[in-house]
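what's the 3D shape of this:
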Amino acid sequence: MKLFSLLTVPIVALLLIGCGGSVKPNPKYNYITADETAKLIRENATSIVLVDIQEKGDFEEEHLKGAQPTYAYPVKTDAEKARLAELIPNIKPDQKVIIICPKGGGGADRAYDFYLEKGLKKEQLFTLKGGQYEWPRDRIKDVLAK
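Got it, this is the predicted structure:
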């Protein structure tokens, strides 16, 4: 029984840490807020490319209007990277590329790095801060699609 208690506490702590909380922004990347993204969608949608890397179920449940589904999360395999690469020919140099990840963390970082390696400019790459999970649904509903 004592062994069970000793093992349970660290496992529960890991689950809580892994499943909750915000992703800490990394100064290596550019971020864009939900408010800024919503404004661009409403006022100048052609100036942005919304690259959604969420898994299929999450994308179908909710995504931003105009988002391009890639189902590339977690952006670790060649197949996932190939789905990101399919969008490159349609990205114009003057467009902002906004990467939408579940939480705006590791998968978004890998997608961002992939696009940098493929020649997109750092100035045009952005990660949606907080990802789709932290989208302020109570305030900004008009740019969501379900």
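
contact partners for the residue nearest the centre of the chain?
Residue closest to the mean C-alpha point of the chain, counted by C-alpha atoms, centre = their mean, is Cys101 at 1.9 Å. Cys101 makes contacts with 53-54, 73, 107-108, 111, 127-128, 131-132, as judged by C-beta atoms under 8 Å, 6 or more residues apart in numbering. No exception for glycine: its C-beta is placed from N, CA and C like everyone else's.

do that again at 7 Å, thanks
Listed by C-beta atoms under 7 Å, 6 or more residues apart in numbering, the contact set of Cys101 reads 53, 73, 107-108, 127, 131.

now the residue lying closest to Pro74 once chain neighbours are set aside: phi and psi?
Nearest residue to Pro74, sequence neighbours excluded (C-beta to C-beta, 6 or more residues apart in numbering): Gly107, at 4.6 Å. With angles defined as degrees, to the nearest 10, Gly107 sits at phi -60, psi -40.

starting at the chain centroid, how far to stretch 93-106?
6 Å (C-alpha atoms, centre = their mean, to the nearest Å).
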